[in-house]
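Q: what follows is a predicted protein model with its sequence.
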There are 2 protein chains.
Amino acid sequence: MTGPLVRRLCLIGVGLIGGSWVRALRGAGQVGQVVGCGRTPENLERAVSLGVIDSYALDPAEAVQEADLVVVAVPLGAMAAVFRRIAPALAPDAVVTDVGSAKGTVIADARAELGSRLPDFVPGHPIAGTEKSGVEASFPDLFRGRRVILTPLDETRAEAVERVRAVWQVAGAVVSSMDARHHDDVLAATSHLPHVLAYGLVDSLSRWSDRDEIFQYAAGGFRDFTRIASSDPVMWRDICLANHEALTDALERYTADLQLLMEAVRARDGEQLMTVFQNARRARERFLAMLES
Amino acid sequence: MTGPLVRRLCLIGVGLIGGSWVRALRGAGQVGQVVGCGRTPENLERAVSLGVIDSYALDPAEAVQEADLVVVAVPLGAMAAVFRRIAPALAPDAVVTDVGSAKGTVIADARAELGSRLPDFVPGHPIAGTEKSGVEASFPDLFRGRRVILTPLDETRAEAVERVRAVWQVAGAVVSSMDARHHDDVLAATSHLPHVLAYGLVDSLSRWSDRDEIFQYAAGGFRDFTRIASSDPVMWRDICLANHEALTDALERYTADLQLLMEAVRARDGEQLMTVFQNARRARERFLAMLES
């Protein structure tokens, strides 16, 4: 008789992502005890009453005691402090992973703070989420069919990578690996850039003089387009700070193209507008076909 | 015994918008005969077999015979030619309306082409739609609870406005009136600008060297954000051309704000990023509350 894949899971930062992962593991019977950790008892009490965690501690060093899997799911700006605190307290067989949306700074923080436990750290990023946040919004199927990217270091133990991969697969995720720098470039384009554009648009419109009327006459397309501007501001501030180089590159490429499009509008260049709009529609169709296959 | 609100409706341009309006009127028993008009028999045959129109003509002058309501639902670039063709053929009691997304050019076209029938023309714009197009996508509830903006001219007969208002109300729409120029400014901000940004983003990404990988790792938020880039390119080219002044203004305001946001990312100004993101989230919450109330 074999036990569950994870004997004791420590979840530092109990929100949508970590909560959903734990729910999936519980549903599959692949986790024993779950210890939560966070800054305020209120959220942790709620997570206990929701059945996501069994118990909690406010001190990360206490929370990781005897855990064989530690999931760090805090905003990027809080990673270093957590790593520093847990490094000396980790159990000998503990594997540590994170769910941060940018990997470069997390890896730098891990190198600086994890010391001899660096080989047990597997940087990870589940490409899933909703504009909602908080453990109340968590659900077990969040990762089903979604991609999870692992960006292991040269030093990372192969067994640790396989362990984290297996635990993600229990949640139904499709796991792949890539270089951290490449991850950050790709995500800057497909996720960080659209978020900044949507936040920027809603912020911009909200400061125009006729703002209430503007929103009053907005239709469903606008709601979809701006949905991601409801995401957690702290999380997105930290992502922008952490991935500022790749994001700046992406913003520069995008605004250069947007300038050309503005010129086409200003010059009433219907042919150029058609070229851009048709190409965009075809590219989106390819993208949807890819998502579905 | 009173008859239906519309005895004979002529729909020029049989697609999502006109098809959905007719379906709503049929559901309410408020339309007698419906004659379609378009450039190709294939689409019109399909509309007949879907039960949207009863019959059709390829020539607008023929299609409007004896119609007491004429709905012009063609791309903005095709309005002038339709007005020119129908003006001499309209029944004495006919009221003409359109569903164009920009009103300035439609009104200029109507002034140039409708001659003595100008007072019977009621410019209109239903703020509804999906990224789908075509009569197959039409459904009777498309306008339920949605806003329709009428932008009557000084010359427009009050009875014609009331007629069009009443027919929209049958479809469940909330009808209001405003100045055409103001309409075009507001819609440039909430609809035309987001469409151009989304088209521009997908086009831009599709031309980056690692484009297939980029799309492969895009998540659900990206799908929402780019949904409107699946809209009909011809319709959107025409909207950009028709409303190019207001849209250029909106693009200039937005890109100026975006430059500031880029500077904040580049300079890693977390405080400024938080200000923008929090303001955007609050504004979007206000907007959603407004939509729901």
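A: Cool, the structure landed.
Q: hmm, residue A:230 is touching residue B:284, no?
A: Yes. Using C-beta atoms under 8 Å, residue A:230 is in contact with residue B:284, at 5.4 Å. For every residue, glycine as well, the C-beta is placed using N, CA and C.
Q: comparing these two, which shows the higher neighbour count?
A: residue B:284 (25 against 20; other C-beta atoms under 10 Å in any protein chain shown).
Q: per-residue pLDDT, residue A:132?
A: Residue A:132 carries a pLDDT value of 81.
Q: now swap in residue A:220 and tell me
A: Confidence score, pLDDT, at residue A:220: 67.
Q: same check on residue A:76?
A: 95.
Q: residues near residue A:68, how many?
A: Residue A:68: 18 neighbours (other C-beta under 10 Å).
Q: so it sits against residue A:93, correct?
A: Yes. Residue A:68 lies in contact with residue A:93 (C-beta under 8 Å); the separation is 5.3 Å.
Q: where does chain A dip in pLDDT?
A: A:1, A:210-211, A:220 (pLDDT under 70).
Q: quick one: the strands in it?
A: A:6-12, A:31-37, A:55-57, A:69-72, A:95-98, A:121-122, A:124-126, A:147-150, A:174-177 (DSSP state E).
Q: can you tell me how far the residue most central in space within chain A is from residue B:8?
A: By C-alpha atoms, centre = their mean, chain A has its centre lying nearest to residue A:101, at 4.0 Å. From residue A:101 across to residue B:8, the span is 58 Å (C-beta to C-beta, to the nearest Å).
Q: contacting residues around the nearest residue to residue A:139 once chain neighbours are set aside?
A: Spatial nearest neighbour of residue A:139, chain neighbours left out: residue A:20 (5.8 Å); criterion: C-beta to C-beta, 6 or more residues apart in numbering or on different chains. Neighbouring residues of residue A:20 by C-beta atoms under 8 Å, 6 or more residues apart in numbering or on different chains: A:128, A:138-140, A:142-143, A:171.
Q: from chain B, how far out is residue A:20?
A: 14 Å (C-beta to the nearest C-beta, to the nearest Å).
Q: tell me which residues touch residue A:164, please.
A: Applying C-beta under 8 Å, 6+ apart, the residues near residue A:164 are A:69, A:95, A:97, A:122, A:124, A:150.
Q: distance check, the last one against chain B.
A: Right, residue A:150. Counting by C-beta to the nearest C-beta - residue A:150 and chain B are separated by 13 Å.
Q: try the fourth one
A: Shown here: residue A:122 relative to chain B, a distance of 18 Å by C-beta to the nearest C-beta.
Q: who does that residue bridge with?
A: residue A:97 (DSSP bridges).
Q: contacting residues for it?
A: A:95-97, A:150, A:152, A:156, A:160-161, A:163-164.
Q: now these in a markdown table, please, with extra columns for distance to residue B:89.
A: Converted to a markdown table, the contacts of residue A:122 look like this (distance: C-beta to C-beta, whole Å):
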| residue | distance to residue B:89 |
| --- | --- |
| A:95 | 78 |
| A:96 | 77 |
| A:97 | 72 |
| A:150 | 68 |
| A:152 | 73 |
| A:156 | 77 |
| A:160 | 78 |
| A:161 | 74 |
| A:163 | 77 |
| A:164 | 72 |
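Q: return the residues of the stretch 1-150 of chain A in contact with chain B.
A: A:77, A:127-131, A:146-147, A:149 (C-beta under 8 Å from any C-beta of the partner chain).
Q: surely residue A:225 and residue B:194 touch.
A: Yes. Counting by C-beta under 8 Å, residue B:194 is a contact partner of residue A:225 at 4.7 Å.
Q: okay, and the common contacts of those two?
A: A:201, B:228.
Q: buried ones in stretch A:285-293?
A: residue A:287 (16 or more other C-beta atoms under 10 Å in any protein chain shown).
Q: anything in it near chain B?
A: Yes. Counting by C-beta under 8 Å from any C-beta, chain B has neighbours in stretch A:285-293: A:285-288, A:290-291.
Q: quick check, nearest of the residues you listed to chain B?
A: residue A:287 (4.1 Å; C-beta to the nearest C-beta).
Q: for chain B, what is the nearest residue in the stretch 1-150 of chain A?
A: residue A:127 (4.6 Å).
Q: so how far is residue B:27 from that residue?
A: 42 Å.
Q: same question for residue A:180.
A: Distance from residue A:180 to residue B:27, by C-beta to C-beta: 56 Å.
Q: which of these two has more neighbours?
A: residue A:180 (21 against 14).
Q: so what's the more buried one up against?
A: Contacts of residue A:180 (C-beta under 8 Å, 6+ apart): A:103-104, A:107, A:123, A:151, A:153.
Q: hmm, 10 Å instead?
A: A:102-108, A:123, A:125, A:149-153 (C-beta atoms under 10 Å, 6 or more residues apart in numbering or on different chains).
Q: possible to save those as JSON lines with distance to residue A:272 and neighbour count?
A: Shown next, in JSON lines, are those (distance: C-beta to C-beta, whole Å; neighbours: other C-beta atoms under 10 Å in any protein chain shown):
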{"residue": "A:102", "distance to residue A:272": "35", "neighbour count": "25"}
{"residue": "A:103", "distance to residue A:272": "38", "neighbour count": "27"}
{"residue": "A:104", "distance to residue A:272": "37", "neighbour count": "21"}
{"residue": "A:105", "distance to residue A:272": "39", "neighbour count": "21"}
{"residue": "A:106", "distance to residue A:272": "42", "neighbour count": "25"}
{"residue": "A:107", "distance to residue A:272": "42", "neighbour count": "23"}
{"residue": "A:108", "distance to residue A:272": "43", "neighbour count": "14"}
{"residue": "A:123", "distance to residue A:272": "42", "neighbour count": "25"}
{"residue": "A:125", "distance to residue A:272": "37", "neighbour count": "26"}
{"residue": "A:149", "distance to residue A:272": "36", "neighbour count": "22"}
{"residue": "A:150", "distance to residue A:272": "42", "neighbour count": "22"}
{"residue": "A:151", "distance to residue A:272": "39", "neighbour count": "21"}
{"residue": "A:152", "distance to residue A:272": "45", "neighbour count": "22"}
{"residue": "A:153", "distance to residue A:272": "46", "neighbour count": "16"}
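Q: re the thing from before, so what sits against both of residue A:230 and residue B:284?
A: By C-beta under 10 Å, 6+ apart, the residues touching both residue A:230 and residue B:284 are A:131, A:198-199, A:202.
Q: neighbours around residue A:6, how many?
A: Residue A:6, neighbours per other C-beta under 10 Å, totals 23.
Q: surely it and residue A:34 touch.
A: Yes. Contact criterion C-beta atoms under 10 Å: residue A:6 and residue A:34 qualify, at 8.6 Å.
Q: quick one: common contacting residues for those two?
A: In contact with both residue A:6 and residue A:34: A:22, A:25, A:67, A:69, A:71, using C-beta under 10 Å, 6+ apart.
Q: what is the nearest of those to residue B:118?
A: Within the shared contacts of residue A:6 and residue A:34, proximity to residue B:118 (C-beta to C-beta) peaks at residue A:22, which comes in at 67.0 Å.
Q: surely the closest one is in contact with residue A:135?
A: Yes. Contact criterion C-beta under 10 Å: residue A:22 and residue A:135 qualify, at 9.3 Å.
Q: which one's more surrounded, those two?
A: Neighbours per residue, other C-beta under 10 Å: of residue A:22 and residue A:135, the larger number sits with residue A:22, 28 against 25.
Q: contacting residues for the more buried one?
A: Here residue A:22 is in contact with A:6, A:9, A:11, A:14, A:31, A:34, A:36, A:47, A:51-54, A:71, A:73, A:135, A:138, A:140, A:171 (C-beta under 10 Å, 6+ apart).
Q: go again using 6 Å as the cut-off
A: A:34, A:52 (C-beta atoms under 6 Å, 6 or more residues apart in numbering or on different chains).
Q: ok, residue A:243 touching residue A:102?
A: Yes. Assessed by C-beta atoms under 6 Å, residue A:243 is found in contact with residue A:102 at 3.9 Å.
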